[in-house]
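Asker: No sequence on hand, only this structure:
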C-alpha cells in the first residue's frame with residue numbers, strides 16, 4: 001500500500017482521539033483497485049477483538065488515474081449527493097486518500113440481481129438518481145476514450161483499430177435526451193442489499209452528469225440484459241416511477257449509444273491488460289474486439 005503515512009494522517013485528522021496503532025487496514029477486492037477496509041479495534045473485557053469504527057479508504061494513485069478515476073471528483077460528487085439515500089457519506093479527504101463510511105450489506109447473486117422484483121427496485125433507485133439535481137461534473141466521454149488510447153498496448157493496435165479509434169474521437173455523439181447524474185458502474189458487485197432489497201450503491205468513482213440514454217445503455221450492457229429485461233426495466237423506469245415520459249423513444253435512444261458503450265468498455269479492459277497483464281481482461285475484451293472487427 002503506497003502513501004500509508006498520508007492515510008494515517010487523514011485518519012488522525014478525522015479521528016484525533018484514536019492512536020495510529022489502533023487502526024487495521026486490509027485490501028478490498030475491486031477491478032479498479034486501491035480500496036481498503038479500515039477498522040479501529042479495541043479489546044473487550046473477554047479479550048475478544050471487536051471493531052468499533054469501520055471505514056472505506058480509497059487511494060488516488062497511478063493505477064486509478066490510468067482508469068480516469070479521480071478521488072477529488074468522486075468526493076465532490078458524493079457531497080453533492082449527500083441527500084441521496086443510496087450513496088455513501090464522505091468522512092474525509094486529502095491529496096492521496098478518500099475516506100467513506102462503511103455500509104453493511106450483502107451483494108446480490110446474479111440470479112437475484114436479474115429477478116423482476118430486484119430490477120424494479122433498481123429502476124426506482126436509478127429513476128431517483130436521474131431526477132436528482134445535476135452535479136457540477138459532466139462525463140467527458142471523448143476525453144476518456146482519448147486518455148485510454150494513450151495507455152493501451154500499442155503492439156495490439158492494428159491499422160483498422162486506429163481507424164476505429166479516430167472515428168470515435170471525431171464522430172458526433174448522440175444528442176442528449178436528458179442530462180442527469182449517473183452512477184455509470186451498476187452491477188451486482190456495486191450493490192448492497194438488506195434482506196434481499198437494494199439499500200446502497202457503492203463505488204461511485206465513474207459517476208458524473210451524462211445523458212440518461214448513455215447511463216441506461218451502460219447499465220444494460222454491463223449486466224447483459226436481454227431485450228425483454230431491458231423493456232421491463234424501462235417500463236418500471238418510465239411508467240411506474242415517471243423518470244421519462246416516452247419509453248419507446250428512450251429505448252431507441254439507448255441503442256444509439258450502443259457502440260459508444262462497447263468501445264468505452266473495450267478500451268477500459270485494454271488499459272487494465274496493459275497495466276496489470278492479467279489474462280482475464282483479454283478474455284473480457286475479446287467479444288468487443290470481435291464486434292468492431294479488430
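Answerer: Thanks, I have the structure now. This one's a predicted model, so the numbers in the text were calculated from it and none came from an experiment.

Asker: number of nearby residues for the residue nearest to residue 237 when sequence neighbours are not counted?
Answerer: Once flanking residues are discounted, residue 237 sits nearest to residue 123: 4.5 Å by CB to CB, 6 or more residues apart in numbering. Yep, even glycine has a C-beta here, placed from its N, CA and C like the rest. Residues lying near residue 123 (other CB atoms under 10 Å) number 23.

Asker: In contact with residue 123, which residues are there?
Answerer: 233, 236-237, 240-241 (CB atoms under 8 Å, 6 or more residues apart in numbering).

Asker: Can you tell me how far it is from residue 216?
Answerer: Distance, residue 123 to residue 216, by CB to CB, to the nearest Å: 10 Å.

Asker: between these two, what contacts are shared?
Answerer: Joint contacts of residue 123 and residue 216 (CB under 8 Å, 6+ apart) are 233, 237.

Asker: So what's the residue count around residue 92?
Answerer: Considering only other CB under 10 Å, residue 92 is surrounded by 16 other residues.

Asker: The stretch of helix or strand it belongs to pairs with which strands, and in what direction?
Answerer: Per DSSP states H and E, residue 92 falls inside strand 90-93. Here strand 90-93 has these sheet partners by DSSP bridges: strand 97-101 (antiparallel).

Asker: Report the buried residues of the strand it pairs with.
Answerer: The neighbour-count check on strand 97-101 (16 or more other CB atoms under 10 Å) flags 97-100 as buried.

Asker: gap between the next helix or strand after that strand and the chain center?
Answerer: Proceeding N to C from strand 97-101, the next assigned helix or strand is helix 110-113, under DSSP H and E. Centre-to-centre, helix 110-113 and its host chain are 19 Å apart (CA atoms, centre = their mean, to the nearest Å).

Asker: coming back round to it: closest to residue 247 out of the buried residues of strand 97-101?
Answerer: residue 100 (34.8 Å; CB to CB).

Asker: dump the residue contacts of that closest one.
Answerer: Contacts of residue 100 (CB under 8 Å, 6+ apart): 55-58, 78, 88-91.

Asker: next one: residue 230
Answerer: Counting by CB under 8 Å, 6+ apart, residue 230 has contacts 220, 251, 254.

Asker: Tabulate the residues you listed in CSV, adding columns for distance to residue 27 and secondary structure.
Answerer: Below are the contacts of residue 230 laid out as CSV (distance: CB to CB, whole Å; DSSP: H, G, I helix; E, B strand; the rest coil):
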residue, distance to residue 27, secondary structure
220, 31, helix
251, 40, helix
254, 36, helix
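
Asker: beta partners of residue 26?
Answerer: residue 37.

Asker: Also residue 181?
Answerer: Beta-bridge partners of residue 181, as defined by DSSP bridges: residue 209.

Asker: In the lengthiest strand in the chain, which residues are buried?
Answerer: Ranked by residue count under DSSP state E, the longest strand found in the chain is strand 49-59. Residues 53, 55-59 are the ones in strand 49-59 that count as buried (16+ other CB under 10 Å).

Asker: What of stretch 124-142?
Answerer: 124-127, 129-130, 135, 137, 139, 141.

Asker: mean confidence score for it?
Answerer: Averaged over stretch 124-142, pLDDT sits at 96.

Asker: And stretch 272-287, by the same measure?
Answerer: 91.

Asker: How far off centre is it?
Answerer: 18 Å.

Asker: and if you look at stretch 251-258?
Answerer: That offset, for stretch 251-258, works out to 20 Å (CA atoms, centre = their mean).

Asker: who's in contact with it?
Answerer: Taking contacts as CB under 8 Å, 6+ apart, the residues outside stretch 251-258 that touch it are 174, 177, 211, 213-214, 216-218, 220-221, 230-231, 234.

Asker: Redo the buried residues of strand 97-101 as JSON lines? Include pLDDT and distance to residue 148.
Answerer: Output for these, formatted as JSON lines (pLDDT from 0 to 100; distance: CB to CB, whole Å):
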{"residue": "97", "pLDDT": "93", "distance to residue 148": "25"}
{"residue": "98", "pLDDT": "94", "distance to residue 148": "22"}
{"residue": "99", "pLDDT": "95", "distance to residue 148": "28"}
{"residue": "100", "pLDDT": "96", "distance to residue 148": "26"}
